[in-house]
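Chemist: here's a sequence, model it:
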Amino acid sequence: MLELLGKTKIDFMAKRFYAFGFSTCLVLVGVVALVQIARGQANLGIDFSGGTAVQLRFERPVSTAEARAALAAGGFAEAELQELKMGNALLIRVKRLTSIEKKAAEKVTELLRAKFPGNPVTVEATTEIGPTIGQRLRDDALLATAIAMIGIMLYIALRFEFRFGVAAALATFHDVLAVLGIFYLLEKELTLLILTALLTLAGYSLTDTVVVFDRIRENLRRRRQEPITQVINASVNQVLSRTVIVSLTVFLAVLAIYLWGGEVLHDFSLAMLLGVVVGTYSSIFVASPLLALWRRSTRA
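Modeler: Next up is the predicted model:
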């Protein structure tokens with residue numbers, strides 16, 4: 001294994017209160033975003049807000065830029081276009097619009113037929129997602145996230161100790177809220193794909209935290225007489241090179257998807273990039289300091 005940083009002696013615990021302040025701001029923004037999503041006031045995709053999805057197949061390849069411009073001119077500026085290169089097809093998602101919601105698929109088809117008159121188009125599939133289904137999906141997404149957090153806490157509690165489980169669950173919840181809050185501030189559209197990214201980064205953050213916690217547990221057994229902050233500092237420094245290498249590897253892989261994966265995967269890969277950075281930060285500056293606070297309070 002490549003030892004990127006070598007032996008370090010960084011006093012991470014001395015910076016924990018600055019980290020707590022920064023993390024509190026991230027979490028507060030995430031809570032606001034969560035409340036707005038529950039109210040249906042955020043920038044929600046058709047999966048959560050309702051709308052129309054239509055798949056069109058052209059006889060010859062079409063330019064997505066020209067198709068997007070034609071839809072924008074026809075009143076569908078926020079339409080999502082996904083190019084399906086197998087068969088020259090386009091998947092178009094349109095949010096629910098009160099004025100033309102019942103004829104969205106027909107209007108989209110007419111606009112593109114007018115834009116590409118010499119390129120015959122066939123409607124392959126049309127899907128309507130009503131507001132009730134969108135609300136159900138939104139509620140189920142929030143429930144799935146909550147269940148995942150509880151499962152993480154129980155797993156870590158059984159794998160280590162209860163205090164480890166609570167610290168890991170809080171750190172993972174911090175990561176999800178942080179990325180969700182950043183997406184809300186950037187006014188990015190929240191879809192099921194973004195939910196997938198959030199749950200994926202929760203798993204990544206948990207894995208990184210488990211590695212740090214495993215070393216802390218080992219050192220707590222060997223160095224019982226030392227202060228908890230000193231043991232945590234030593235443990236984090238011992239696994240720091242591994243943490244940086246793994247995070248950097250994942251970051252570069254996701255960065256390639258972000259740069260060359262196409263518009264459909266753009267927001268997903270952005271969420272993953274943010275998640276890798278936040279997850280690495282939280283395993284060092286959130287989960288471990290929370291463990292130190294718990295240990296200190298139980299001793300008192």
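
Chemist: just the mean pLDDT for the helix or strand hosting Val276, thanks.
Modeler: Element membership for Val276, per DSSP states H and E: helix 266-282. On average, the pLDDT along helix 266-282 is 92.

Chemist: if you count neighbours, what's buried in that helix?
Modeler: Residues 267-282 are the ones in helix 266-282 that count as buried (16 or more other CB atoms under 10 Å). (Each C-beta comes from the backbone N, C-alpha and C, glycine too.)

Chemist: now do that helix: which elements does it pack against?
Modeler: Using 3 or more CB pairs under 8 Å, 6 or more residues apart in numbering; DSSP states H and E, the elements in contact with helix 266-282 are helix 16-39, helix 162-185, helix 192-222, helix 228-260.

Chemist: quick one: which of those is nearest Thr126?
Modeler: Thr126 lies closest to helix 192-222 among the helices and strands packed on helix 266-282, at 18.8 Å (CB to CB).

Chemist: run the chain-centre distance for stretch 9-23.
Modeler: Relative to the centre of its chain, stretch 9-23 is centred 24 Å away, using CA atoms, centre = their mean, to the nearest Å.

Chemist: what comes up buried for it?
Modeler: Using 16+ other CB under 10 Å as the test for burial, stretch 9-23 gives 12-13, 16, 19, 23.

Chemist: against Leu273, how distant is Leu34?
Modeler: Look at Leu34 and Leu273: by CB to CB, to the nearest Å, they are 21 Å apart.

Chemist: give me the number of residues near Arg224?
Modeler: By the criterion of other CB atoms under 10 Å, Arg224 has 8 neighbours.

Chemist: mind checking the SS state of it?
Modeler: Under DSSP: H, G, I helix; E, B strand; the rest coil, Arg224 falls in the coil class.

Chemist: now it: how far from Glu218?
Modeler: Taking CB to CB, one finds Arg224 at 12 Å from Glu218.

Chemist: just to revisit the earlier point, the buried residues of stretch 9-23: which two are farthest apart?
Modeler: Met13 and Ser23 (14.7 Å).

Chemist: just curious, which of the buried residues of stretch 9-23 is nearest to Ile156?
Modeler: Proximity of the buried residues of stretch 9-23 to Ile156, judged by CB to CB, is greatest for Ser23, which lies at 18.9 Å.

Chemist: thought that closest one was touching Phe285?
Modeler: Yes: between Ser23 and Phe285 a contact is recorded at 7.4 Å, counting by CB atoms under 8 Å.

Chemist: related to what we said a few turns ago, just say which of the helices and strands packed on helix 266-282 is most tucked in.
Modeler: Sort those by mean neighbour count, taking mean count of other CB atoms under 10 Å, and helix 162-185 sits at the top with a mean of 23.

Chemist: dump that one to PDB, restricted to CA.
Modeler: The C-alpha trace of helix 162-185 is given here as PDB (Å, rounded to 0.1, in the frame of the first residue of the first chain):
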ATOM      1  CA  PHE A 162     -23.500   2.000  21.600                       C
ATOM      2  CA  ARG A 163     -21.500   5.200  21.800                       C
ATOM      3  CA  PHE A 164     -19.700   4.300  18.600                       C
ATOM      4  CA  GLY A 165     -23.100   3.700  16.900                       C
ATOM      5  CA  VAL A 166     -24.500   7.000  18.000                       C
ATOM      6  CA  ALA A 167     -21.400   9.000  16.900                       C
ATOM      7  CA  ALA A 168     -21.300   7.200  13.500                       C
ATOM      8  CA  ALA A 169     -25.100   7.800  12.900                       C
ATOM      9  CA  LEU A 170     -24.800  11.500  13.800                       C
ATOM     10  CA  ALA A 171     -21.800  11.900  11.500                       C
ATOM     11  CA  THR A 172     -23.500  10.100   8.600                       C
ATOM     12  CA  PHE A 173     -26.700  12.200   9.200                       C
ATOM     13  CA  HIS A 174     -24.400  15.200   9.200                       C
ATOM     14  CA  ASP A 175     -23.000  14.200   5.800                       C
ATOM     15  CA  VAL A 176     -26.400  13.700   4.200                       C
ATOM     16  CA  LEU A 177     -27.800  17.000   5.500                       C
ATOM     17  CA  ALA A 178     -24.700  18.900   4.500                       C
ATOM     18  CA  VAL A 179     -24.800  17.700   0.800                       C
ATOM     19  CA  LEU A 180     -28.600  18.200   0.800                       C
ATOM     20  CA  GLY A 181     -28.200  21.700   2.100                       C
ATOM     21  CA  ILE A 182     -25.500  22.600  -0.500                       C
ATOM     22  CA  PHE A 183     -27.800  21.300  -3.300                       C
ATOM     23  CA  TYR A 184     -30.600  23.400  -1.900                       C
ATOM     24  CA  LEU A 185     -28.500  26.500  -1.800                       C
END
